[in-house]
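# Here is my input; please provide its structure:
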Amino acid sequence: MLQRGHGPGAHATTYITTPRTPTITTPRHYLDNAATSWPKPPAVYEAVMQQMQAVGAAAGRGAYHDAVTSADVVQQTRAAIARLISAPSASCIAMAANGTAALNLAIQGIWPTPPPVAAHVVTTAAEHNSVLRPLQAMADRGGVELQTVPCDASGTVRAEQVLAAVRDDTQLVAVGHASNVTAAVQPIAAIGEALVDHPALLLCDAAQTFGYLPIDVQAWHVDLLASPGHKGGLGPLGTGFLYAAPHVQPRLTPSLWGGTGGNSDLLTMPDAFPQRLEAGNLNVPAIAGWLAGLRWLEQQPDPSQHLRVLSRRLDQGLEDLPGVRCLGVGHPLPLRSFVVAGLTPSDVGAILDAEFGVQVRTGLHCAALIHHSLDTQGEGTVRISAGHLTNEDDVAAALDAVARIAAEIHS
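Predicted coordinates:
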């Protein structure tokens, strides 16, 4: 697994990883649910195949039976999403290709062209690049004056610091619900409550929490919330949504133009939301699978209970390992990042995969700024992330593998 070799110094020792290629007999322990959840409930796969094989029609593109069936699948999915986030209406939910597309619908929708005076925007160092890059692109064009609030060494953002950065002319506050690197849950409700009488919009990236943790966009005064459907929402890849509060919807300008299935006499996009943001055919087979995943979630008495058990197990298994630094413990999401002294995260990930069949994410996790606070810039971390259908044996196998790697490297 690990071989000692001579480093550049007189007495230095380096470690050369020699991972084996996994074989058909290697058990698979999938622990990259923060990227996309797997496995899904069987009903998800069945719904995708049913939609493709037995229905097959596009949504909103005809009045015949199967086209209406497809449109109904989309509408039921909107309604299920609205229930999960306590939105006032299914009509507040616009479908998107993924979470990144949904965030861009929001950010580009607010400022389709750079305003004459740069808009002041507050965001945080804990954000995913799906928030940071669109905002930076706007800043590079002179449309946004971007102010970034730091996070602490666990990836947590303080509401007081966010609010202290808000000015009278602030137009947008963009804060993710939870870090995809450390699982730190951010104080969205406190920020939203403080902004009730401020004209700034509150945009929340819920990629790591939708379907996993309770969300209440109305009680939290969230104006815009975006998420993929393929993580905690248990849908296939190619799904996502943007929630826009009713008072925000008229402000959002399309960033994609085309057919919507209605108002075809117009050369402009329809005024109605969400159709104004939904040019082109929707991915109905994936949405059908997503609906099945959302229904599975709604049938669970407390889907977060299993997640809390896995979270505690990860904390117990990582906290006291020699040479292992765990970045944030005690969070409700079963996602933990760590580093092993003497090995790069990419080496640890390669060994976990090839030697133990443990599949994790390594690197910077598409989060450009948070690693400066974690002291993991450059190489990043190893990230273990479980999901709704991860079993305790998978987590135990991963923890045992990390313990064996740490013991060998520090023997």
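
# got the contact list for the nearest residue to residue 372 once chain neighbours are set aside?
Closest residue in space to residue 372, ignoring its immediate chain neighbours: residue 125 at 7.0 Å, by Cβ to Cβ, 6 or more residues apart in numbering. C-betas here are computed from N, CA, C, even on glycine. Contacts for residue 125 (Cβ atoms under 8 Å, 6 or more residues apart in numbering) come out as 148-151, 157, 369-370, 372-373.

# out of the residues you listed, which are inside helices?
Among those, the members found in helices (DSSP state H) are 370, 372-373.

# filter those to the buried ones?
When these are checked for burial by 16 or more other Cβ atoms under 10 Å, the buried set is 370, 373.

# you'd agree residue 304 is up against residue 215?
No: using Cβ atoms under 8 Å, residue 304 is not in contact with residue 215; the gap is 11.7 Å.

# Between these two, tell me which one has more neighbours.
Between residue 304 and residue 215, counted using other Cβ atoms under 10 Å, the more crowded position is residue 215 (23 against 17).

# how close does the closest residue to that one other than its chain neighbours get to residue 46?
With sequence-adjacent residues excluded and distances taken as Cβ to Cβ, 6+ apart, residue 215 is closest to residue 85, at 4.5 Å. Going from residue 85 to residue 46 by Cβ to Cβ, to the nearest Å gives 26 Å.

# One more: residue 336?
Residue 336 is 33 Å from residue 46, by Cβ to Cβ.

# okay, those two: which has more neighbours?
residue 336 (29 against 13).

# Following the chain onward from the strand or helix carrying that one, which element is next?
Using DSSP states H and E, residue 336 sits in strand 335-340. Sequence order places helix 345-356 as the next helix or strand after strand 335-340, per DSSP H and E.

# quick one: average confidence on that following helix?
The average pLDDT for helix 345-356 rounds to 98.

# by contact count, what packs against the helix or strand that it is followed by?
Next in sequence after helix 345-356, counting helices and strands by DSSP H and E, comes strand 358-359. Contacts defined by 3 or more Cβ pairs under 8 Å, 6 or more residues apart in numbering; DSSP states H and E place strand 358-359 against strand 29-30, helix 345-356, helix 392-409.

# quick one: strands adjacent to the following helix or strand past strand 358-359?
Downstream of strand 358-359, the next assigned helix or strand under DSSP H and E is strand 361-363. Counting by DSSP bridges, the strands paired with strand 361-363 are strand 381-385 (antiparallel).

# what is the orientation angle of the strand it pairs with with helix 345-356?
On the basis of axes from the mean of the first three to the mean of the last three Cα atoms, to 10 degrees, strand 381-385 is oriented at 50 degrees to helix 345-356.

# Would you mind finding the longest helix in this protein?
Selection of the longest helix in the chain by residue count, based on DSSP H, yields helix 65-85.

# what about it, average pLDDT?
98.

# now what about that helix, what contacts it?
Contacts of helix 65-85 (Cβ under 8 Å, 6+ apart): 51, 55-62, 87-93, 95, 206, 210-211, 215-217, 225, 233, 241, 243, 274, 282, 284, 287-288, 290-291, 294-295, 297-298.
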